[in-house]
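J.: coordinates only, no sequence provided:
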């Protein structure tokens, strides 16, 4: 095995020979090589996410605040907020986080669980078959309500389009929302 770690060449550990004395230097050689590997090649560097589209040419992330108005299958219809918290006059579509989207999982099996969506915020999760089939209704919690604050970033690709075929370019942050079993009283 050869290569470089920092500026020191990586050494190959040779086999022990019969009758060779046990020396501390020889016993510590594998440990020294492992320490070198653990240290890595270069110092960590913060790199802006240009590939995901969430960064402008100047290196500043495009992130905005929105108020949610309507929940669709894979996106929210929102109104962008300005610096004073005033809503814009036009609607902006914001894609739901990937694991909350319907398009990715409707009538599919994820792991061993079959997912069937009843609405944008309710679905059936089924596991097993025949007599051992178990099904539960799941909802997104915390649920989306009118004028919820939603933070989103501008992305080059979200995988979501409206019914008219318009591509949704804003991607909502997860903000702690997830699917959970619906409590029935």
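T.: Looks like it came in fine. Remember, predicted model here, so these are calculated numbers, not experimental data.

J.: any idea which helix or strand in the protein has the lowest mean pLDDT?
T.: Lowest by mean pLDDT, DSSP states H and E among the helices and strands of the chain is strand 4-5, with a mean of 44.

J.: show me the residues around the residue minimising distance to the centre of the chain that make contact.
T.: The centroid of the chain falls nearest to residue 98 when counting by Cα atoms, centre = their mean (7.3 Å). Residue 98 is in contact with 104, 159, counting by Cβ atoms under 8 Å, 6 or more residues apart in numbering. Any C-beta I mention is one placed from the backbone N, CA and C, and that applies to glycine too.

J.: pLDDT score assigned to it?
T.: The model reports residue 98 with a pLDDT of 86.

J.: all helices of this protein, in order?
T.: Along the chain, counting by DSSP state H, helices occupy 24-39.

J.: show me where it has its strands.
T.: Along the chain, the stretches classed as strands by DSSP state E are 4-5, 8-9, 63-71, 75-81, 87-95, 108-110, 113-119, 122-127, 134-141, 149-154, 170-172, 178-181.

J.: can you put the ones you listed in TSV and add distance to residue 164?
T.: Converted to TSV, the strands of the chain look like this (distance: least, Cβ to Cβ, whole Å):
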stretch	distance to residue 164
strand 4-5	55
strand 8-9	60
strand 63-71	15
strand 75-81	12
strand 87-95	10
strand 108-110	25
strand 113-119	21
strand 122-127	25
strand 134-141	25
strand 149-154	20
strand 170-172	16
strand 178-181	28
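
J.: buried deepest among these, which one?
T.: strand 170-172 (a mean of 24; mean count of other Cβ atoms under 10 Å).

J.: where does this structure dip in pLDDT?
T.: Residue ranges of the chain with pLDDT under 70: 1-16, 39-61, 185.

J.: pop the domain breakdown of the protein in here.
T.: Split into domains by automatic domain parsing, the chain comes to 4-39, 63-181.

J.: the nearest residue to residue 180 once chain neighbours are set aside: what's it in contact with?
T.: Nearest non-adjacent residue to residue 180, counting by Cβ to Cβ, 6 or more residues apart in numbering: residue 141, 4.8 Å away. By Cβ under 8 Å, 6+ apart, residue 141 lies in contact with 177-180.

J.: again, 7 Å this time
T.: Listed by Cβ atoms under 7 Å, 6 or more residues apart in numbering, the contact partners of residue 141 are 177-178, 180.

J.: what's opposite the residue nearest to residue 144 when sequence neighbours are not counted in the beta bridge?
T.: Of all residues not flanking residue 144 in the chain, residue 71 sits nearest, at 5.0 Å (Cβ to Cβ, 6+ apart). Counting by DSSP bridges, residue 71 forms beta bridges with residue 76.
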